[in-house]
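[1] Kindly return the folded structure for what I paste below:
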Amino acid sequence: MRSMPHALLWEMFAGGWWSLTGMTLMSCLIPMLVHAEMMKLQVDASDPAMVLLQLAFIPLVIIQAAIGVLIAQRRTSRLYAMPISTHAIVAWHTFAGAAVLALLVAIVSWLLNALFGANWPIGSTVLFSIAVWSSMQLLASVSTQQSLPGLCFAGTPLLLLFVWLPSRYGAYSPPPTHYWSGVTAGEFVFLATITIFCLVVTNYSTRWARCGERLPVIGLWNWIVAKRDAMASRVEVRPRFSSASAAQFWSEWRQKGLILPGTFFVVLSIGFLAGVQRWVQSNFQLAEVYEGVFAFGSFQLMLAAIAGFVLAMDFNSEAAGQRETQLGDSLDGSNYEVMGSFQASRPVETREFAFVLLRVAGVSIAITWLMWFAAACGCLGLMWLSNQLPSNYLAVKQPWGYLAIMVVGPWTLMANAATLGLIAIRHKRLAYVAVATVVCYLVAAAVLHDSNVPKPIQTLVHSVVIGLIALAVTLVSVWSFWQAYRSRFLSLRAVATAVLVTAVVFAIGIGVQPAELTVVEFLVLIGFAVLTVSPVASLPILIAANRHR
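    Residues are numbered from 1 along each chain as shown. Have a look, this model is predicted:
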């Protein structure tokens, strides 16, 4: 290489193209699924619902693609001893990453526009992604100091950008009225100011970190921390555990247990309060608030899948003595090749370890479901006080099927997402290939939908693909139970209980169906019923593979 910047750029694409491709495909996945369903319903791109979808998906796409770029760039601290200036380190990490991120975001936007007619504006989205990238670089550089005030300060530009974004869509006078299709001079100055500010502060932060110095702190904060530590030392009581598995559950719950209920509570509270405010200030019907809260239960499904991947992560993989140097290091795939020694060496059997994770998932889902039920009951209480009780308390179509999915669906998604997360820890490329397969199928389905292929042939192709996937899931789950039984992770009684639960879930699915099942629907229902219990067998196998390496 002729220079260090050239080497950095080559390194990003040579060693990190898997993360760039994989995270970009993951950022496409949810928008493609939603737009594919919207295309079936023939929703126009100018509809306010589509504008709201783009506003919701832009942060998701940008953050996921930016994480891929962070992983590809690797840690900044590896360059501290190199013959390169701090300005060059910061500039090439920022400018090269911004260019790659802008290209990825432009590709995703163009792809959604070409396949689904999403009408996503590309220019404004690309400029916004550049400002977001500079803010993430600032947050990553300040995280080297592991200082809470520094993180709060560094996270302010990113928070400001995401609070400012809805105003470009008219979302502060709901619903959103228009796309952010053009960038005015004022908007450009605002984004440029954020970018330059983050670049300057990142340079100073990296300079301090490179010299081994700490960021300057406010004396008031030191006083607050000292007072807090003094109070904690007086009232802290060390918990006592009856067994190693109880201690493991306490540890896992503290780190990961409240992610699902906490996130759901915040989002549900904001939506509920906004609905009640509109009801008080206008002629907005309270029944619409109740229907919105009832339908909002489906949001548990997406959160449960995300919480499942978090459940599989090992936040203590660096506890053996090597501390993380910056926020981006925790996203480096090399840190998660296997389970960290801090977890693997604990005096807990693999079977107990797996059941602890499943117990954390079950308790999290139960708390989340109870919060959703309490919110619905709160709406009914307000409607009873205002004499607006509805005739139908189950405010959705096919209510019993909806309730069955809300009870079983979050558990199935969270537990199986944890299984996939453990697979991805050891086999990242396999996870990327799986996501790429799903995205390619969605692209092929969109192309097939727009082609001149007769409708019966399209239906047949979709039915064959979905049926094969359901059959493969069933066979893999049965194999997992056989392997778990052979490895003595499960007893014969546990296997029999899993078969009974599968039969019950399948019977409930048959009961809530409004019509006779086709062969494909029958296979899908069997696959879903098997997935509700498959983590009981797959988690011990994967944990054993991670512990004994």
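[2] And the residue lying closest to His462 once chain neighbours are set aside, how far from Ile58?
    By the measure of Cβ to Cβ, 6 or more residues apart in numbering, the closest residue to His462 outside its immediate chain neighbours is Ala445, 6.9 Å from it. Glycine gets a C-beta too; all of them are placed from N, C-alpha and C. Distance from Ala445 to Ile58, counting by Cβ to Cβ, to the nearest Å: 24 Å.
[3] Looking only at neighbour counts, state which of the two leads.
    Between Ala445 and Ile58, counting by other Cβ atoms under 10 Å, Ile58 is the more crowded of the two (26 against 18).
[4] Now do the same contact list for the more buried one.
    125, 128, 165 (Cβ atoms under 8 Å, 6 or more residues apart in numbering).
[5] what do you get if the cut-off is 10 Å, keeping everything else the same?
    31, 105, 108-109, 120-121, 124-125, 128-129, 132, 162, 165, 168-169, 180 (Cβ atoms under 10 Å, 6 or more residues apart in numbering).
[6] Quick check: which element contains Asn546?
    helix 534-547 (DSSP states H and E).
[7] what about that helix, average pLDDT?
    Across helix 534-547, the average pLDDT comes to 84.
[8] what's the answer for stretch 136-152, then?
    72.
[9] Start and end of that stretch, how far apart?
    Taking Cα to Cα, to the nearest Å, stretch 136-152 runs 13 Å from one end to the other.
[10] Could you number the chain from 39 rather than 1 from now on?
    Sounds good: first residue 39 from here, last item stretch 174-190.
[11] what about Pro214, which SS state?
    At Pro214 the chain is in coil, as set by DSSP: H, G, I helix; E, B strand; the rest coil.
[12] same thing with Val81?
    coil.
[13] Got phi/psi on the residue nearest the centre of the chain?
    Against the mean C-alpha coordinate of the chain, by Cα atoms, centre = their mean, the closest residue is Ile344 at 4.0 Å. Here is the backbone geometry of Ile344 (degrees, to the nearest 10): phi -70, psi -40.
[14] In what element of secondary structure is the residue lying closest to it once chain neighbours are set aside found?
    Spatial nearest neighbour of Ile344, chain neighbours left out: Ala455 (7.5 Å); criterion: Cβ to Cβ, 6+ apart. Taking DSSP H and E as the criterion, Ala455 maps to helix 437-464.
[15] chain center to that helix: distance?
    In terms of Cα atoms, centre = their mean, to the nearest Å, the centre of helix 437-464 is set 13 Å apart from its chain centre.
[16] Please apply the same query to stretch 69-87.
    Counting by Cα atoms, centre = their mean, stretch 69-87 comes out at 22 Å from the chain centroid.
[17] got the end-to-end distance for that stretch?
    13 Å.
[18] residues in contact with that stretch?
    Contacts for stretch 69-87 (Cβ under 10 Å, 6+ apart): 63, 88-89, 91-92, 94-96, 98-99, 146-147, 149-151, 153-158, 207-209, 212-217, 476-477, 479-481, 483-484, 487-488.
[19] How far away from the center of its chain is stretch 120-131?
    32 Å.
[20] average pLDDT across it?
    On average, stretch 120-131 scores 79.
[21] okay, and for the stretch 289-438 of the chain, where does confidence drop off?
    By pLDDT under 70, the low-scoring segments of the stretch 289-438 of the chain are 309-330, 332-334, 352-384, 424, 426-438.
[22] all helices of it, in order?
    297-319, 324-333, 337-350, 379-382, 388-423, 437-464 (DSSP state H, counting those that start in this stretch).
[23] returning to what we had before: roughly how far apart are the residue nearest to the centre of the chain and Trp449?
    From Ile344 to Trp449 the distance is 15 Å (Cβ to Cβ).
[24] which of the contacts of Ile96 lies closest to Asn425?
    Asn425 lies nearest to Tyr207 out of those, by Cβ to Cβ, at 36.9 Å.
[25] can you pull the contacts of the closest residue to the closest one other than its chain neighbours?
    In this structure, Tyr207 finds its nearest non-sequential neighbour in Pro214, 4.0 Å apart by Cβ to Cβ, 6+ apart. Going by Cβ under 10 Å, 6+ apart, Pro214 touches 86-94, 204, 206-208.
[26] what do you get if the cut-off is 7 Å, keeping everything else the same?
    The contact partners of Pro214, by Cβ atoms under 7 Å, 6 or more residues apart in numbering, come to 86, 89-90, 93, 207-208.
[27] Buried ones among the residues you listed?
    Among those, those classed as buried by 16 or more other Cβ atoms under 10 Å are 89-90, 93, 207-208.
[28] Quickly name whichever of those residues is closest to Ile564.
    Leu90 (36.1 Å).
[29] and that closest one, what pLDDT?
    The model's pLDDT for Leu90 equals 78.
[30] same deal with Ala567?
    Looking at Ala567, the pLDDT reads 88.
[31] same deal with Val143?
    90.
[32] helices or strands next to whichever strand or helix holds it in the packing?
    Secondary structure from DSSP H and E places Val143 in helix 124-154. Using 3 or more Cβ pairs under 7 Å, 6 or more residues apart in numbering; DSSP states H and E, the elements in contact with helix 124-154 are helix 42-78, helix 86-111, helix 161-180, helix 223-248, helix 466-488.
[33] Need the winner for burial among those.
    Among these, helix 161-180 has the highest mean neighbour count (mean count of other Cβ atoms under 10 Å), at a mean of 24.
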